[in-house]
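Colleague: one predicted model, sequence on top.
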Amino acid sequence: VKELLENAIDAGATEIKLIIRDSGRALIQVADNGCGMSGTDARLAFERHATSKIREAGDLFAIRTLGFRGEALASIAAVAQVQIKTRKHEEELGTMIEIEGASFKNQSPCSCPAGTSIAIKNLFFNVPARRNFLKSNTAEFRHIVEEFQRVALVYHDVGFWLHNNDKPMFALRPSSLKQRIVALMGNHFANRLIPVSETVPEAEISGFIGKPEFAKKTRGEQFFFVNKRFIRNPYLHHAIDGAYKELIPHEAHPYYFIYLSVDPNTIDINIHPTKTEVNFQHNQLIYTVVRSAVKKALGKFSVAPSLDFDAEQGINITAPPPGYIPKEPRIKVDPDYNPFSQPSGAMPDQARKPVDKNWQKLYKTDVSAQSSMLLRTNQDEPEKDSGETARPAAENNQMMQVNGRFIITRVRSGLMIIDQHHAHQRIIYDRLLEKFSASRPGSQQNMFPQTVSFSPANADILREIYPDLQLLGFVIEPLAINTFVVNGMPADMDNEDPGELLEKIIDNYKKNLVDLKSDRKTNLALSMARQLAIRPGKTLSNDEMLAIVNELFASKVPEVAPDGSPTLKIITLDEISKIFKNKD
């Protein structure tokens with residue numbers, strides 16, 4: 001996909017269509033309106049090391065095209081069935097060539113639009129071991145979308161279309177860079193971008209970076225381009241991360257879309273087969289320029305936010321798919337209720353109660369979904385045996401919180417210190433696993449369904465995990481390519497913002513895919529537990545701390561969090577005595 005898209009760009013195309021079937025196994029087709037080829041050039045294009053993009057050795061030091069080796073088409077034709085139709089604009093008839101497993105089958109004149117259309121069918125049909133090495137359809141299509149994104153993000157003045165299994169996935173018209181980013185990554189990116197622009201004699205930097213408050217736990221939307229070519233360079237990534245130092249948490253990662261233009265003579269892109277690694281002649285200088293440009297952009301943003309004159313004009317309403325009918329919100333109504341059934345002047349019993357003079361105590365200043373989850377009682381649940389772990393003394397209901405992170409309570413053998421964040425993770429994790437096995441999950445229907453948009457990669461993950469989200473009480477329906485409608489939320493999460501909650505769950509899910517080897521349900525439960533657990537620094541009341549302790553010791557494994565982190569530590573009286581050297 002990468003090579004075919006880059007060939008279309010090098011041909012000067014302004015419209016490029018990518019058609020995929022069965023995640024590329026059955027068909028990968030790229031059609032463009034570029035310059036096209038003659039019959040002779042089309043035949044030579046499939047020879048090894050044949051290219052028209054360089055003519056002498058000196059051209060290697062001033063490469064402006066994306067391709068130049070002449071290896072891609074020959075390699076593809078060796079492992080697939082290939083058909084190419086191409087016509088130059090000044091010619092009336094085009095050429096069709098068919099190749100199967102590196103064997104030339106047919107070449108004949110044909111009628112076709114100006115430009116080139118190349119179809120790769122039955123990939124690895126003659127290499128079954130390599131075909132079996134392919135991953136799942138979801139994973140392979142995700143890789144295809146990533147390559148599509150990288151090309152579309154650079155050439156925002158070119159129209160791109162992507163169809164998967166005869167369904168339109170992207171329809172990107174030529175637009176500004178910011179509009180292209182929003183179209184690819186989701187509408188929620190529109191207000192999260194900060195422009196970057198810097199010009200020095202050695203380089204020119206442009207693009208956008210993410211606002212610090214939207215940094216993520218995973219390195220998702222991080223794109224660095226050099227001379228319109230996507231690269232991976234840890235050295236320059238470190239420069240950008242350094243510019244965000246002290247603005248984001250230690251484990252958070254900013255997203256960015258940085259475009260660097262330098263003299264082709266000062267870089268070497270021919271050091272990696274995929275051309276994603278670059279050697280700079282002035283490494284330290286480029287590092288300093290990139291870091292300074294990002295810090296300057298962050299400084300301007302923190303001083304004065306700017307108006308967005310580059311936003312899409314008009315109202316952006318995503319068109320629902322054909323036949324989509326929104327669900328009517330469920331509202332409980334008492335058909336027997338009569339507001340005039342009371343005698344005139346009568347008041348309900350509650351209204352006759354004296355007014356509480358301490359009315360201010362009725363309102364808490366820190367109310368959230370986390371607090372409501374903390375105060376859930378377990379009076380109806382039988383206490384579970386927690387093994388050898390000592391429970392807090394039954395008569396001791398007084399807890400103490402230290403530094404907004406730890407709960408200290410008395411046990412028979414001494415003192416117990418509980419990490420409130422890890423303990424709450426264990427509680428939520430166990431609760432979610434129970435929901436997976438429940439026959440009817442509790443769900444709170446939204447009175448007003450909320451529309452949420454995601455990047456293509458996150459949208460694919462949401463489709464993958466939706467069956468399990470449904471078991472937890474989420475009610476989600478697809479609306480467009482990367483847009484969904486949230487009609488319902490789990491009953492104990494109805495105060496959460498659906499878009500933010502789902503986005504953070506997906507980020508945690510992706511991180512767990514790298515860090516842990518677990519099944520989908522376990523991964524999802526851990527992702528949600530990490531997101532919903534109370535954060536360090538939150539002040540808890542005595543009742544909330546007591547609720548955490550009671551629910552923690554109702555777990556089968558209260559000693560550790562789902563990720564293996566310890567939840568508690570007991571300091572015995574003997575250990576305390578040794579600290580103070582008590583010899584009595």
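Modeller: In hand now; what should we look at? Residues are numbered from 1 along each chain as shown.
Colleague: could you chop the chain up by domain?
Modeller: 2-174, 182-301, 369-570 (automatic domain parsing).
Colleague: okay if I get those as CSV plus mean pLDDT?
Modeller: Shown next, in CSV, are the domains of the chain (pLDDT from 0 to 100):
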stretch, mean pLDDT
domain 2-174, 87
domain 182-301, 87
domain 369-570, 79
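Colleague: output the ones you listed in CSV, with mean neighbour count and distance to Ile576 appended to each entry.
Modeller: C-beta here means a position set from N, CA and C on the backbone, and glycine is covered the same way. CSV is the format used below for these (neighbours: other C-beta atoms under 10 Å; distance: least, C-beta to C-beta, whole Å):
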stretch, mean neighbour count, distance to Ile576
domain 2-174, 17, 54
domain 182-301, 17, 33
domain 369-570, 17, 6
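Colleague: tell me where the stretch 51-200 of the chain has helices.
Modeller: 72-78, 128-132, 137-154, 177-185 (DSSP state H, counting those that start in this stretch).
Colleague: redo the ones you listed as JSON lines? Include distance to Val290.
Modeller: Listed next are the helices of the stretch 51-200 of the chain as JSON lines, based on distance: least, C-beta to C-beta, whole Å:
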{"stretch": "helix 72-78", "distance to Val290": "30"}
{"stretch": "helix 128-132", "distance to Val290": "39"}
{"stretch": "helix 137-154", "distance to Val290": "17"}
{"stretch": "helix 177-185", "distance to Val290": "18"}
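Colleague: which one of those helices lies nearest to Tyr429?
Modeller: Nearest to Tyr429, of all the helices of the stretch 51-200 of the chain, is helix 137-154, at 25.1 Å by C-beta to C-beta.
Colleague: and of the helices of the stretch 51-200 of the chain, who's closest to Lys17?
Modeller: Of the helices of the stretch 51-200 of the chain, nearest to Lys17 by C-beta to C-beta is helix 137-154, at 11.1 Å.
Colleague: contacts for that closest one?
Modeller: Under the contact criterion C-beta atoms under 8 Å, 6 or more residues apart in numbering, helix 137-154 has outside partners 1-2, 5-6, 9, 18, 20, 22-25, 134, 158, 160, 162, 164, 169-170, 172, 177, 180-181, 184, 223, 225, 228-230, 257, 259, 456-457, 460, 463-464.
Colleague: would you quantify the distance from the most centrally placed residue in the chain to Asp22?
Modeller: Centroid-nearest residue in the chain, with C-alpha atoms, centre = their mean: Asn458, separated by 4.2 Å. For Asn458, the distance to Asp22 equals 23 Å [C-beta to C-beta, to the nearest Å].
Colleague: for the domains of the chain, give me CSV that also has distance to Ile579.
Modeller: Output for these, formatted as CSV (distance: least, C-beta to C-beta, whole Å):
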stretch, distance to Ile579
domain 2-174, 54
domain 182-301, 31
domain 369-570, 11
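Colleague: for Lys581, which of those domains is the nearest?
Modeller: domain 369-570 (16.7 Å).
Colleague: Ala457 touches Gly220, doesn't it?
Modeller: Yes - taking C-beta atoms under 8 Å as the definition, Ala457 is a contact partner of Gly220 at 7.0 Å.
Colleague: what do these two both touch?
Modeller: Counting by C-beta under 8 Å, 6+ apart, nothing touches both Ala457 and Gly220.
Colleague: could you tell me whether Glu500 really is in a helix?
Modeller: Yes - secondary structure of Glu500 (DSSP: H, G, I helix; E, B strand; the rest coil): part of a helix.
Colleague: can you confirm the residue nearest to the centre of the chain is in a helix?
Modeller: Yes - counting by three-state DSSP, Asn458 falls inside a helix.
Colleague: tell me how far it lies from Leu93.
Modeller: 46 Å.
Colleague: strands paired with the helix or strand Ile476 falls within, and their directions?
Modeller: According to DSSP states H and E, Ile476 maps onto strand 475-478. Strand pairing for strand 475-478, using DSSP bridges, gives strand 483-490 (antiparallel).
Colleague: residues in contact with the partner strand?
Modeller: 318, 326-327, 329, 435, 441-446, 449-454, 459, 462, 472-479, 496, 498-499, 502.
Colleague: try it again at 7 Å.
Modeller: Residues outside strand 483-490 that contact it (C-beta atoms under 7 Å, 6 or more residues apart in numbering) are 318, 326-327, 442-446, 449-453, 462, 472-479, 496, 498.
Colleague: who are the packing partners of the longest strand belonging to the chain?
Modeller: The longest strand of the chain (DSSP state E) is strand 443-453. Other helices and strands packing on strand 443-453, by 3 or more C-beta pairs under 7 Å, 6 or more residues apart in numbering; DSSP states H and E, are strand 483-490, helix 498-515.
Colleague: ok, the residue nearest to the centre of the chain touching Asp507?
Modeller: No - taking contacts as C-beta atoms under 7 Å, Asn458 lies outside contact range of Asp507: 8.1 Å.
Colleague: counting by contacts, list what the longest helix along the chain packs against.
Modeller: Longest helix of the chain, by residue count under DSSP state H: helix 283-303. Judged by 3+ C-beta pairs under 7 Å, 6+ apart, helix 283-303 is in contact with strand 193-200, strand 203-210, helix 234-243.
Colleague: pull the CA atoms of it into CSV?
Modeller: Output of helix 283-303 as CSV, limited to C-alpha atoms (Å, rounded to 0.1, in the frame of the first residue of the first chain):
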residue,chain,number,x,y,z
ASN,A,283,22.0,16.3,13.9
GLN,A,284,22.5,18.6,16.9
LEU,A,285,21.4,21.7,15.0
ILE,A,286,18.1,20.0,13.8
TYR,A,287,17.5,18.8,17.4
THR,A,288,17.9,22.3,18.8
VAL,A,289,15.7,23.9,16.1
VAL,A,290,12.9,21.4,16.6
ARG,A,291,12.9,21.7,20.4
SER,A,292,13.0,25.5,20.2
ALA,A,293,10.2,25.7,17.7
VAL,A,294,7.9,23.5,19.9
LYS,A,295,8.7,25.4,23.1
LYS,A,296,8.0,28.7,21.3
ALA,A,297,4.6,27.4,20.1
LEU,A,298,3.8,26.2,23.6
GLY,A,299,4.8,29.5,25.1
LYS,A,300,2.6,31.5,22.7
PHE,A,301,-0.4,29.2,23.5
SER,A,302,0.0,29.6,27.2
VAL,A,303,0.1,33.4,26.9
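Colleague: now what about it, what contacts it?
Modeller: With C-beta under 7 Å, 6+ apart as the contact definition, helix 283-303 has outside contacts at 194-196, 198, 200, 202-203, 205, 209, 211, 235-236, 239-240, 242-243, 247, 280.
Colleague: and if you look at stretch 14-23?
Modeller: 1, 5, 8, 27-33, 137, 140-141, 144, 148, 158-165.
Colleague: what does stretch 457-474 give?
Modeller: Residues contacting stretch 457-474 (C-beta under 7 Å, 6+ apart): 138, 142, 145-146, 220, 432, 435-436, 441-443, 454, 476, 482, 484, 488-491, 502-503, 506, 509-510, 520-521, 524.
Colleague: same check, this time on stretch 106-121
Modeller: So stretch 106-121 is in contact with 4, 11, 13, 26-34, 36-37, 39, 43, 76, 80-89, 93-98, going by C-beta under 7 Å, 6+ apart.
Colleague: what about it, how long is it end to end?
Modeller: 16 Å (C-alpha to C-alpha, to the nearest Å).
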